[in-house]
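> Quick one: sequence plus predicted model below, questions after.
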Amino acid sequence: MKLSSLFEQGKTVFSFEIFPPKKTSSIDTIYSTLEGLKDLKPAFISVTYGAGGTMTEAGHSKTCEIASIIKNKYDITPVAHLTCVNSTKAQVEAELNSLKENGIENILALRGDINPDIPRCYDFKYASELVSFIKERGDFHISGACYPEVHNDADNMVDDILNLKKKIDAGVTHLMSQLFFDNNAFYSFVEKARIAGVNVPIEAGIMPVTNKSQIERMVTMCGASLPQKFVKVMQKFENNPEALRDAGIAYAIDQIVDLISSGVDGIHLYTMNNPYVARKISEAVGNLL
């Protein structure tokens with residue numbers, strides 16, 4: 001199933017994101033995550049793409065293999081992330097062929113994070129170029145990423161949204177946002193994007209913070225601002241792991257309730273491969289969807 005059909009139903013789409021096991025771990029370790037998520041009935045599950053594209057013995061990326069498992073074993077629509085910062089055109093084309101062979105119809109096309117420890121390729125400079133490349137090579141539904149508080153490499157919000165519009169013009173028909181903790185920042189971004197002609201569904205990316213190191217790492221990577229309400233919660237419970245976990249879940253639920261009430265197109269939950277957290281949130285908001 002292509003994602004476009006999900007958003008035609010007029011309801012808030014609720015989806016998950018997971019990541020492949022580490023290079024040193026077996027692909028089989030993903031089953032415990034998927035077993036814990038399957039009964040929550042997400043509209044789709046996206047699978048991140050490891051730096052450099054970790055390959056299996058069969059010659060596919062772990063992303064492709066896990067997407068195939070999601071589709072064929074669990075009967076859930078998968079979305080395969082595909083990055084290009086460390087890939088040549090030939091490597092991307094090989095991955096696209098693998099996705100076709102495995103019946104994967106949906107791709108989240110990303111430039112990817114620049115890692116100084118991995119040699120960069122320059123066949124693709126921007127995500128919009130990857131989108132055009134995919135568009136020419138198969139009947140895929142192509143999603144893209146957006147940044148409510150501006151991409152780290154963008155000079156300002158205006159330039160960032162203009163670059164986002166280039167991805168839409170190249171073939172992106174659905175967007176998933178980077179995580180954020182201030183809903184007002186998301187609403188402001190969506191308003192500006194709509195004015196710029198970005199008229200595709202925009203899902204809000206929500207990450208429940210369950211430990212202190214997680215929030216420090218995420219904020220460093222993506223630059224999300226921290227509202228005073230969020231900071232107070234983290235400071236209050238930072239030395240009580242269970243309380244901090246539950247407070248993080250509660251904060252995420254509060255965000256989601258507000259977003260759904262405001263008519264958001266979708267919620268994309270960054271599960272961090274933690275079925276317990278995903279279940280708590282799903283059960284809390286299930287009747288609102």
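Done, it's in.

> Quick check on the closest residue to H268 other than its chain neighbours: phi, psi?
Distances taken as CB to CB, 6 or more residues apart in numbering put E203 closest to H268, at 4.3 Å, once the chain neighbours are dropped. Quick note: C-beta positions are derived from backbone N, CA and C, even for glycine. In terms of degrees, to the nearest 10, the main-chain angles of E203 are phi -90, psi 140.

> Tell me how far N184 lies from I18.
28 Å (CB to CB, to the nearest Å).

> Neighbour count for those two, which is higher?
I18 (22 against 11; other CB atoms under 10 Å).

> now the more buried one, which residues is it bridged with?
Taking DSSP bridges as the rule, I18 bridges to V47.

> Can you read off the pLDDT for it?
Note on I18: pLDDT of 97.

> could you list every residue that touches it?
Each residue near I18 by CB atoms under 8 Å, 6 or more residues apart in numbering is listed here: I30, T33, L34, L37, I45, S46, V47, T48, I66, T271, N273.

> need the residues you listed in TSV with neighbour count and pLDDT, can you?
Below are the contacts of I18 laid out as TSV (neighbours: other CB atoms under 10 Å; pLDDT from 0 to 100):
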residue	neighbour count	pLDDT
I30	21	94
T33	21	96
L34	19	97
L37	24	97
I45	25	98
S46	28	98
V47	27	97
T48	18	95
I66	26	96
T271	25	96
N273	20	95
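
> Which of the residues you listed fall within strands?
By the criterion of DSSP state E, membership of the contacts of I18 in strands covers I45, S46, V47.

> Can you give me the distance of the last one to D246?
As judged by CB to CB, V47 and D246 stand 28 Å apart.

> all helices of the stretch 51-200 of the chain, in order?
For the stretch 51-200 of the chain, applying DSSP state H, counting those that start in this stretch gives helices covering 62-72, 89-101, 127-135, 157-170, 183-195.

> Distance check, I76 against K232.
37 Å.

> What is the neighbour count of G138?
Neighbours of G138 under the rule other CB under 10 Å: 15.

> So it sits against E93, correct?
No. With contact defined as CB atoms under 8 Å, G138 does not reach E93; the gap is 9.8 Å.

> before we move on, the earlier item: adding distance to I142, write the helices of the stretch 51-200 of the chain out as CSV.
Listed next are the helices of the stretch 51-200 of the chain as CSV, based on distance: least, CB to CB, whole Å:
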stretch, distance to I142
helix 62-72, 15
helix 89-101, 11
helix 127-135, 6
helix 157-170, 8
helix 183-195, 17
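
> between those helices, which one is nearest to E242?
helix 183-195 (26.0 Å; CB to CB).

> Give me the contact list for that closest one.
Helix 183-195 has contacts (CB under 8 Å, 6+ apart) with 146-149, 157, 161, 164, 177, 180, 202, 204, 225, 255, 258-259, 262.

> Mind checking which of those residues are buried?
Among these, those buried by neighbour count (16 or more other CB atoms under 10 Å) are 146-149, 157, 161, 164, 177, 180, 202, 204, 255, 259.
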